[in-house]
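Asker: sequence unavailable; structure follows:
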DNA sequence: CAGGGCTTTGAAAGCGCTTGCAGAAACTAG
DNA sequence: CTAGTTTCTGCAAGCGCTTTCAAAGCCCTG
């Protein structure tokens, strides 16, 4: 069934003769306007005609041309998605969620990557605008707040990974501060006092939030914050590795490491291993993100689980709400801690 | 500069007044056709007018509307990309390559996921066709050969991960058989004789190729193939884990494991660890794909490196060639072995 | 059964751009 | 300087669909 349709369509396209709305109209003995109205539900149409048109559509295997639709209706039924790295294990899951949520509502996603560069991101947005998208989802954008607010004047925006207040801007995000807090609390609860923190890139809003959460947990645990325990990472494995090496070279003592994301944690674990330190016997490690792989590395990583798919679906839902002038209410669950085997209690 | 343009555009869109080609024509004192011709280089135009139009374009910040362009010109400047799982770490890198290659040639990608399901894949293709893409890239498609050949009558195709012969079909792929051969050869060269193989899903062409390569290497090394050494995996971590457990439970003896992909290898390593076997001291492990993470797990994984970005860029290049009626010649480099620390020589 | 008020429907005018066609302009040659 | 070419360039007709506007049809009521 589906199969033959595909073939028919293929043949049609090959011969350059796609079925048009007009052909349907003729076949059904009504005017194009009527067909259009039935298709879009923009007006009541006599039942008998509805049936005739539906029959014609089925017979001709008509599929409306979205391009013509966009042009005529001024709406493209597509939304732009600016991600930073389509190949990052982290974004992948969100993107899948976005795709799912958008398709369900009849929109198609247009993915483009900003590569963490402000300039690239700007041209992505331009590109999307020129494609007449009806909304844009920005994953952890780097553009300044004010620019986003401004952009929102022309097209609704959903941003993830940071907070921006504006008229047609909606933020869907997990609470990174809370996640970091939970992770650090856990470590403290396990008896750790000297907890190193490997940060993310300092120009990343959520990296800062994670640091805040770490500090808040320390404060709550009456442990003084010591900047020597904080090492700079870059959200990548290499950064985590370098950070541990730096810490160890500086002879900083710690019994646990909280890495700002899982990739950082992987790098950290490798560095510890190379220096002869065992996880979790000598050092406990906690990550953030809970990448699919994290449950399978050796040892399985204790990490902050964030509901990444929810971010994606939530973002999709919110942008659709915004486009259709409803008030979005998408929320994502609070992060939780997935306790696995890279941590253990500490007793001095 | 860029900044202000974006703002201007935003404002324009907000007030519903995008700059049109006609406005440019008026500003430059020529007809719309002339502007169009200059834009597309479809005809010679007097120098003075070219300059006038260019000035007008710059002044008005005109950006042609791709939707109108598609409708009028019958070409959408977009190509569909059917991937199986946008969130798989493996596809990510290819997708990035595709995006890069396509954008460079002026096309935009439309990503959709088939989720490894034939039905989903079919609707993806339908969706893309309805969006009037000019070409489709299918990443490891599941559709039958004949259907693809047929589809190619309506739109040029590039398929990865398998071979299909047809008129407007081009395959870009790494040689999985060779990759598997290289990996297994290496293990044999290190003195291993009992090499287990964890396969991929049997309905996956490249999974079969990997098995072939494994067998070919054994044959070349005069080692009899033993089916007990082959365990079924699913290209995911869990499958690798289960496979090792099955092997161990069946008391199959082996000193090395060749996993059909890296994710499988991760799962295998975890299972070995849980059973108290050390990698590489007790068992050597080799993977396939060389995911970015593989260099950072403990121990860093020896694995077949495939130039995934080349697959993406090659696919993009090929589809553009096909669309523009040139003969594609994109090739991807042969896989190589990234030797790291999950393997060691074996002496009985 | 005429008149009023709704509902249903078609004609036609676009949406912004491309392109075939034919007239205008610019050259060349005689 | 004119006829014959070769270049330019504008007009107008779409691409396939949406949407306004007004005419047509329908159902009541008095």
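Answerer: Ah, there it is. Keep in mind that this is a model prediction, so the values were computed, not measured.

Asker: going by C-alpha atoms from here, please, whenever you check contacts or count neighbours.
Answerer: Noted.

Asker: all strands for chain A, in order.
Answerer: Secondary structure of chain A (DSSP state E): strands at A:78-83, A:108-113, A:135-139, A:157-160, A:169-172, A:195-198, A:230-231, A:256-259, A:284-289, A:302-305, A:336-338.

Asker: weakest of those in terms of mean pLDDT?
Answerer: Note on the strands of chain A: lowest mean pLDDT is at strand A:108-113, with a mean of 91.

Asker: quick one: buried residues of that one?
Answerer: A:108, A:109, A:110, A:111, A:112, A:113 (16 or more other Cα atoms under 10 Å in any protein chain shown).

Asker: want to try CSV for those residues, with distance to residue B:94 as columns?
Answerer: CSV is the format used below for the buried residues of strand A:108-113 (distance: Cα to Cα, whole Å):
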residue, distance to residue B:94
A:108, 21
A:109, 18
A:110, 17
A:111, 14
A:112, 14
A:113, 13
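
Asker: which of the residues you listed sit farthest apart?
Answerer: A:108 and A:113 (16.4 Å; Cα to Cα).

Asker: any weak-confidence spans in the stretch 51-200 of chain A?
Answerer: Low-confidence segments of the stretch 51-200 of chain A (pLDDT under 70): none present.

Asker: for DNA strand C, what is the nearest residue in it?
Answerer: Per Cα to the nearest atom of the strand, residue A:72 is where the stretch 51-200 of chain A lies closest to DNA strand C, at 2.9 Å.

Asker: so how far is DNA strand D from that residue?
Answerer: From residue A:72 across to DNA strand D, the span is 4 Å (Cα to the nearest atom of the strand, to the nearest Å).

Asker: relative to chain B, which of the strands of chain A is closest?
Answerer: Closest approach to chain B among the strands of chain A (Cα to the nearest Cα): strand A:108-113, 6.1 Å.

Asker: is it true that residue A:332 touches residue A:171?
Answerer: No - using Cα atoms under 8 Å, residue A:332 is not in contact with residue A:171, being 10.5 Å away.

Asker: higher neighbour count, the two?
Answerer: residue A:171 (25 against 20; other Cα atoms under 10 Å in any protein chain shown).

Asker: ok, the more buried one - contacts?
Answerer: Contacts for residue A:171 were tallied using Cα atoms under 8 Å, 6 or more residues apart in numbering or on different chains; they are A:158, A:159, A:160, A:161, A:162, A:163, A:164.

Asker: at 7 Å what do you get?
Answerer: Shown in contact with residue A:171 (Cα atoms under 7 Å, 6 or more residues apart in numbering or on different chains): A:158, A:159, A:160, A:163, A:164.

Asker: do the same with residue A:308
Answerer: Applying Cα under 7 Å, 6+ apart, the residues near residue A:308 are A:93, A:94.

Asker: up against DNA strand D, what does chain A have?
Answerer: Proximity of chain A to DNA strand D, by Cα under 7 Å from any atom of the strand, involves residues A:17-22, A:32-37, A:39-40, A:42, A:63-66, A:68-69, A:71-73.

Asker: contacts with chain B among those residues, please.
Answerer: For chain B, the contacts drawn from those by Cα under 7 Å from any Cα of the partner chain are A:63, A:65, A:66, A:68, A:71.

Asker: just those residues: which are in helices?
Answerer: Judged by DSSP state H, those include A:66, A:68, A:71 as members of helices.

Asker: before we move on, back to that, residue A:275: which of the ones next to chain B among the residues of chain A next to DNA strand D is nearest?
Answerer: The shortest approach to residue A:275 among these belongs to residue A:66, at 58.9 Å (Cα to Cα).

Asker: so how far is residue A:76 from the closest residue to the closest one other than its chain neighbours?
Answerer: Excluding the flanking residues, the one nearest residue A:66 by Cα to Cα, 6 or more residues apart in numbering or on different chains is residue B:131, at 6.0 Å. Using Cα to Cα, to the nearest Å, residue B:131 is found at 11 Å from residue A:76.

Asker: can you report how many residues neighbour the residue of the stretch 201-348 of chain A found nearest DNA strand D?
Answerer: Using Cα to the nearest atom of the strand, the single residue of the stretch 201-348 of chain A nearest to DNA strand D is residue A:324, 13.1 Å away. Residue crowding around residue A:324 was assessed by other Cα under 10 Å; the count is 12.

Asker: count of residues packed around residue A:252?
Answerer: Neighbours of residue A:252 using other Cα under 10 Å come to 14.

Asker: cool, residue A:347 as well?
Answerer: Using other Cα under 10 Å, residue A:347 has 9 other residues around it.

Asker: could you measure it against residue B:261, distance?
Answerer: 41 Å.

Asker: ok, residue A:328 next?
Answerer: From residue A:328 to residue B:261 the distance is 41 Å (Cα to Cα).
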